[in-house]
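Q: model the structure of this input:
(one chain, ligands or ions: 1)
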Amino acid sequence: MIFKNITQRSWWERDLLARPADLLIIGSGITGLATALFYKRQHPAHRVMVLDRGFWPTGATGRNAGFACFGSAGELLDDMQQEAEAGVKDRLRLRLEGLALLKEELGSEEIGFEMTGGYEIFDDTNDPHFRESLAQLPRFSRWVEELTGEADTYEFREINGFPSIFNRLEGYLHSGKMLQALVRKVQQAGVEIRWNTPVTEVHQHGAVLQDGLALEAAVVLCATNGYTSTLLGETQVKPARGYVFVTNPLQKLPWHGSCHYNRGYVYFRDLGDRLLIGGARDVDKAGEESILNEINPKIKNWLVSFVNDKLGIDPDWQIDQEWTGVMGFGATKTPECRRHENGVYTAAGLGGMGVAIGMKLGQRTASLITNSTNHPTPHF
Ligand SMILES: Cc1cc2nc3c(=O)[nH]c(=O)nc-3n(C[C@H](O)[C@H](O)[C@H](O)COP(=O)(O)OP(=O)(O)OC[C@H]3O[C@@H](n4cnc5c(N)ncnc54)[C@H](O)[C@@H]3O)c2cc1C
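A: The predicted structure follows:
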């Protein structure tokens, strides 16, 4: 007989193991885990359970480039052209507070954080975007000072023949170490994590797993970022794939720190004696609206040419490792954090800066759930 759907329960499962959760979170990336951590702290007696389809978290959190950045001058300028200053500043606050929280909760050393500084490079000084960004540096530095007390964050610097805007507070980290530290902390807090558990359906009072099992919960949160639309039709968050590669060890690598190009679409950094580079999603935006982990040759070729033409590394460099991951982009650059009409909550749409936003978004989501009028009473 084929062992397929286990839809009926034993007495023992129903009595203890499969008893309803107070908070059921789908997705164990930075958002899901941070929400679990802060919620459990507020409600130590509640049963908090996190489900993930993967053997470990298999979303963007473990597949990103490890930049701990909060906004290049060029990006802030672009944002100001699209929305009111207050919104841009509020998002800057979210990122700066999120990064501070990440370091405070997990420890800079544990997550491999290095404050290297970061460069936003431009092709030449006549580029209008460069000139306008440069003109705004005093304003952006003042914003960061108001939010953190740190003065003179942005300044002009030339690097490897490129005009650039240097951001002295940027850095990078080891995304694997970050996830490992976060998983450990969440488990120590008493949150249950279930790996290899794909969810096929969510509703106000629970979720259905791929094998047909139904789990009950007082509150359900989708922290599935770029995958949210596969579970919730109502979300505005769409998938956006990102591509990254790492080269072989290099003799000549004249870059150190987190570097950006073309309004942040292209990003690169040193990884020991290797180059890590990714992005260029703008080369085929429509093609990248996908949850499939496939490599888009147009994007790969564009990045290879960029390295050859601009970065001045060993001419015989090779790609050692390459991968894709799926981000989530919402209607605005500020993440979706809300309760939907069907009663399910979402925290998603972190865009390309989830490392900075994730912890703060988790904290906000935990408070949103706690403060909601339908706040559950514990089941036990
Ligand atoms: C290539 C790339 C490079 C990036 N570089 C950076 C960077 O350098 N710096 C930065 O700040 N940000 C970067 N980002 C963005 C950042 O990684 C994300 O914004 C952030 O990790 C999102 O975290 P999350 O927890 O919301 O989502 P995710 O980490 O994607 O987590 C969602 C989880 O949900 C799970 N899941 C999905 N569907 C189901 C289901 N049906 N059942 C069960 N589980 C499910 C997935 O397995 C996954 O673990 C990058 C992203 C990519 C893809």
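Q: doesn't Arg142 belong to a helix?
A: Yes - Arg142 sits within a helix when classified using DSSP: H, G, I helix; E, B strand; the rest coil.
Q: okay, now it: neighbour count?
A: 13 (other CB atoms under 10 Å). C-beta coordinates here come from the backbone N, C-alpha and C atoms, glycine included.
Q: can you check the one 5 residues further on too?
A: Counted with other CB under 10 Å, residues neighbouring Leu147 total 16.
Q: that one: what secondary structure?
A: Secondary structure, three-state DSSP: Leu147 is helix.
Q: kindly report the same for the one 5 residues further on.
A: Following three-state DSSP, Asp152 is assigned to coil.
Q: tell me the contacts of it?
A: 141, 145, 168 (CB atoms under 8 Å, 6 or more residues apart in numbering).
Q: next, work out how far apart the second one and the ligand are.
A: As judged by CB to the nearest ligand atom, to the nearest Å, Glu145 and the ligand stand 22 Å apart.
Q: okay, that residue: pLDDT?
A: As predicted, Glu145 sits at a pLDDT of 97.
Q: doesn't Ala151 make contact with it?
A: Yes - at 5.0 Å, Glu145 counts as touching Ala151 under the criterion of CB atoms under 8 Å.
Q: pick out whichever of the two has more residues nearby.
A: Just comparing Glu145 and Ala151: by other CB under 10 Å the higher neighbour count belongs to Glu145, 13 against 9.
Q: what helices and strands are in contact with the helix ranked longest in the chain?
A: The longest helix of the chain (DSSP state H) is helix 85-106. Under the contact criterion of 3 or more CB pairs under 8 Å, 6 or more residues apart in numbering; DSSP states H and E, helix 85-106 touches helix 73-82, helix 137-148, helix 175-188, helix 354-371.
Q: let's see that with 10 Å instead.
A: Helices and strands touching helix 85-106, by 3 or more CB pairs under 10 Å, 6 or more residues apart in numbering; DSSP states H and E, are helix 30-42, strand 67-68, helix 73-82, helix 137-148, helix 175-188, helix 354-371.
Q: C-terminal to it, what's the next element?
A: Per DSSP states H and E, the first helix or strand lying C-terminal to helix 85-106 is strand 118-121.
Q: so what does the nearest residue to Asn342 once chain neighbours are set aside have for phi and psi?
A: Sequence neighbours aside, Gln204 is the residue nearest to Asn342 in space, at 5.9 Å (criterion: CB to CB, 6 or more residues apart in numbering). According to degrees, to the nearest 10, the main-chain angles of Gln204 amount to phi -50, psi -40.
Q: which single residue of the stretch 51-200 of the chain ends up nearest the ligand?
A: Nearest residue of the stretch 51-200 of the chain to the ligand, counting by CB to the nearest ligand atom: Gly59, 2.1 Å away.
Q: Asp124 should be in a strand, yeah?
A: No - secondary structure of Asp124 (three-state DSSP): coil, not part of a strand.
Q: residue ranges with poor pLDDT in this structure?
A: Along the chain, segments meeting pLDDT under 70 span 1-7, 373-380.
Q: pull the contacting residues for the nearest residue to Phe38 once chain neighbours are set aside.
A: Nearest non-adjacent residue to Phe38, counting by CB to CB, 6+ apart: Ala366, 3.7 Å away. Ala366 makes contact with 23, 34-43, 48, 221, 347 under the criterion CB atoms under 10 Å, 6 or more residues apart in numbering.
Q: filter the residues you listed to the buried ones?
A: Neighbour-count burial (16 or more other CB atoms under 10 Å) applied to the contacts of Ala366 gives 23, 34-40, 43, 48, 221, 347.
Q: the spatially closest residue to Gly59 that is not a sequence neighbour - how many residues pack around it?
A: Once flanking residues are discounted, Gly59 sits nearest to Gly29: 4.4 Å by CB to CB, 6+ apart. Burial of Gly29 is recorded as 30 neighbouring residues (other CB under 10 Å).
Q: what separation do you get for Gly29 and Gly362?
A: Separation of Gly29 from Gly362 (CB to CB, to the nearest Å): 10 Å.
Q: before we move on, back to that, among the helices and strands packed on helix 85-106, which comes closest to Ala286?
A: helix 73-82 (20.2 Å; CB to CB).
Q: determine the set of other helices and strands touching the closest one.
A: Using 3+ CB pairs under 10 Å, 6+ apart: helix 73-82 touches helix 85-106, strand 118-121, helix 128-135, helix 137-148, strand 154-159, strand 162-167, strand 258-261.
Q: to Glu336, which of these lies closest?
A: helix 85-106 (13.3 Å).
Q: could you dump that closest one to PDB, C-alpha only?
A: Taking C-alpha atoms only, helix 85-106 is exported to PDB below (Å, rounded to 0.1, in the frame of the first residue of the first chain):
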ATOM      1  CA  GLU A  85      10.500  63.100   1.300                       C
ATOM      2  CA  ALA A  86       8.800  61.900   4.500                       C
ATOM      3  CA  GLY A  87       8.200  58.400   2.900                       C
ATOM      4  CA  VAL A  88      11.800  58.100   1.700                       C
ATOM      5  CA  LYS A  89      13.100  59.200   5.100                       C
ATOM      6  CA  ASP A  90      10.800  56.800   6.900                       C
ATOM      7  CA  ARG A  91      12.200  53.900   4.900                       C
ATOM      8  CA  LEU A  92      15.700  55.000   5.600                       C
ATOM      9  CA  ARG A  93      14.900  54.900   9.300                       C
ATOM     10  CA  LEU A  94      13.400  51.400   8.900                       C
ATOM     11  CA  ARG A  95      16.600  50.100   7.300                       C
ATOM     12  CA  LEU A  96      19.000  51.800   9.800                       C
ATOM     13  CA  GLU A  97      17.000  50.600  12.700                       C
ATOM     14  CA  GLY A  98      16.700  47.100  11.100                       C
ATOM     15  CA  LEU A  99      20.500  46.800  10.700                       C
ATOM     16  CA  ALA A 100      21.100  48.000  14.300                       C
ATOM     17  CA  LEU A 101      18.600  45.500  15.600                       C
ATOM     18  CA  LEU A 102      20.200  42.700  13.600                       C
ATOM     19  CA  LYS A 103      23.600  43.400  15.100                       C
ATOM     20  CA  GLU A 104      22.200  43.900  18.600                       C
ATOM     21  CA  GLU A 105      20.200  40.600  18.500                       C
ATOM     22  CA  LEU A 106      22.700  38.300  16.800                       C
END
